[in-house]
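Trainee: give the three-dimensional model of this entry:
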Amino acid sequence: MTALLPEILYKCDGQAPAPSKDFYQLQVTRSEVILRWWKISLRNEFREARPGELKESHEDFVDDSTLQAQIGMVFGQKVLSYVINLCRGQYDFLERLSESLILYLLTFLDLEDIAQLSQVSHTFQKLCNSDKLWEHIVERSCDTVTPEMRALAQNIGWKQFFFTNKLQLQLKLRRWRKKQEESQDIVLQ
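Mentor: A predicted model of the protein is given here:
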């Protein structure tokens, strides 16, 4: 399964905490952790400083508390934990699936499960609230979706459309029809 992983597992860049202006790049490949830095300073002693690079194997990185502390300081503890997990071979395959495949898998979940999954990460929150997913849920739960209903759902959002009760939905459809008629009357005049 790890053969399916790309060569670069993770990559991010950032700036060291204030007052430093140094720039850092962190890259995790299948075999090593690479930290690159560029010193940015107005002080004379750092003007000639060259960019630096440090490469360590995954095994060495797990044992290197100094490098871990530096990465934690620049990129934060969440990134550090994620990199350590990658180095230990704990890959998050679900996050690496394509968006269309994840959306397809989400269509098999119950509404409660979708709500819980949306709290896992920003990626899943975006996917669980996407119009593509909720359009599929509406089409699966309704006998027919008329063109008027589809237009209204695209206007207010498929998730909102799904959770709107029937009376409110009928009222919104009437308002939408009236708006359409008014806009046609304006065009005809």
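Trainee: residue 8 reaches residue 31, doesn't it?
Mentor: No - taking contact to mean CB atoms under 8 Å, the distance of 11.0 Å between residue 8 and residue 31 leaves them out of contact. Every residue, glycine included, has its C-beta placed from N, CA and C.
Trainee: ok, the residue lying closest to residue 97 once chain neighbours are set aside - how many residues close by?
Mentor: Setting aside the residues directly before and after it, residue 97 is nearest to residue 105 in space (CB to CB, 6 or more residues apart in numbering), at 7.8 Å. Each residue near residue 105 was counted by other CB atoms under 10 Å, and the total is 13.
Trainee: element containing residue 105, please.
Mentor: Secondary structure assigned from DSSP states H and E places residue 105 in helix 99-106.
Trainee: kindly report the same for residue 9.
Mentor: The secondary structure element spanning residue 9 is strand 8-15 (assigned by DSSP H and E).
Trainee: so residue 14 makes contact with residue 75?
Mentor: Yes - in this structure, residue 14 sits in contact with residue 75. The criterion is CB under 8 Å, and the distance is 5.5 Å.
Trainee: between the two, which contacts overlap?
Mentor: Residues within reach of residue 14 and of residue 75 at once, by CB atoms under 8 Å, 6 or more residues apart in numbering, are 24, 26.
Trainee: buried set for stretch 166-173?
Mentor: Using 16 or more other CB atoms under 10 Å as the test for burial, stretch 166-173 gives 169, 172.
Trainee: separation between the residue nearest to residue 97 and residue 119?
Mentor: 17 Å (CB to CB, to the nearest Å).
Trainee: ditto for residue 159
Mentor: Computed with CB to CB, the distance linking residue 159 and residue 119 is 15 Å.
Trainee: can you check residue 158 too?
Mentor: With the distance defined as CB to CB, residue 158 ends up 20 Å from residue 119.
Trainee: please apply the same query to residue 174.
Mentor: Using CB to CB, residue 174 is found at 36 Å from residue 119.
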